[in-house]
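> sequence first, then the predicted structure, then my questions.
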Amino acid sequence: MVSTQSPSRLLTQDELKKIAAYKAVEFVESGMVLGLGTGSTAKYAVDRIGELLRQGKLNNIIGIPTSKKTHEQAVSLGIPLSDLDSHPFLDLAIDGADEVDPYLNLVKGRGGSLLREKMVEGACKKFVVIVDESKLVKHVGASGLAIPVEIVPFCWKFTAQRLQALFEDADIGDLKAASDAILRLAGVVEHGMFLDMATTVIVAGELGITVKNK
Ligand SMILES: O=C[C@H](O)[C@H](O)[C@H](O)COP(=O)(O)O
């Protein structure tokens, strides 16, 4: 579904992030268990959820934050929180991304959070990703920036060198194989490729909002 409305002036990247975030919060219903994402785009969604709770337009929401920062933000907004031990099945998660490919595969984690995001977003029925149009890429890795990988804090240079060699050999066309190879490396905890996880991506651009469904 695509809806467009031409703005009279160019919107800033932050305004586009906010537009995408507010659109995603339209998917939130009272009584839901929600994954709360991390980063500058997800922050707008968490703010909006807090606002709707305060206004009484939403109630009985339980949030599962994906980082310490989001936890602190949600607490300051009065959003009731829990964790995956108590709520292993989530209705919906909303989060940003660093890259989105045409098949809705993502790169995430450049803001420093990816393991908790992958755990929470892997446990939800619906995962709505919110981005401004600068995050759209032809293929994963096309932004030219490194794909974040979380490793254990033990001889990290050793693990980093082995990862580097693996990325040099990796066939970027076969993301699943690349993902498996990275995860097989001892010392790797998780990587920032979120393959086949997003159910919806909301893209805010100069020409309006685009909602892409899996
Ligand atoms: O580690 C951070 C998360 O994966 C973010 O969702 C991602 O980096 C996008 O962040 P932002 O919305 O700030 O561009």
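Sure thing, it's come through.
> is the strand or helix carrying I64 up against the ligand anywhere?
I64 is located in strand 62-65, with elements delineated by DSSP states H and E. No - residues of strand 62-65 are not located near the ligand by Cβ under 6 Å from any ligand atom, the shortest gap being 12.3 Å. C-beta: built from backbone N, CA, C; applies to glycine.
> nearest residue to L115 other than its sequence neighbours?
E190 (4.6 Å; Cβ to Cβ, 6 or more residues apart in numbering).
> for L104, list the residues it contacts.
129, 196, 198, 201, 212, 214 (Cβ atoms under 8 Å, 6 or more residues apart in numbering).
> which strand is the longest one in the protein?
strand 124-132 (DSSP state E).
> send the alpha carbons of that strand over as PDB?
This file holds the C-alpha atoms of strand 124-132, laid out as PDB (Å, rounded to 0.1, in the frame of the first residue of the first chain):
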ATOM      1  CA  CYS A 124       7.100 -11.400  18.100                       C
ATOM      2  CA  LYS A 125       4.200 -12.100  15.700                       C
ATOM      3  CA  LYS A 126       4.600  -8.900  13.800                       C
ATOM      4  CA  PHE A 127       7.900  -6.900  13.400                       C
ATOM      5  CA  VAL A 128       7.400  -3.400  12.000                       C
ATOM      6  CA  VAL A 129      10.500  -1.700  10.900                       C
ATOM      7  CA  ILE A 130      10.600   2.100  10.600                       C
ATOM      8  CA  VAL A 131      13.100   4.000   8.400                       C
ATOM      9  CA  ASP A 132      13.600   7.100   6.400                       C
END
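> the helices in this structure, which residues?
Secondary structure of the chain (DSSP state H): helices at 13-25, 40-54, 68-77, 115-121, 156-169, 175-184.
> distance of the residue nearest to L115 relative to K43?
22 Å (Cβ to Cβ, to the nearest Å).
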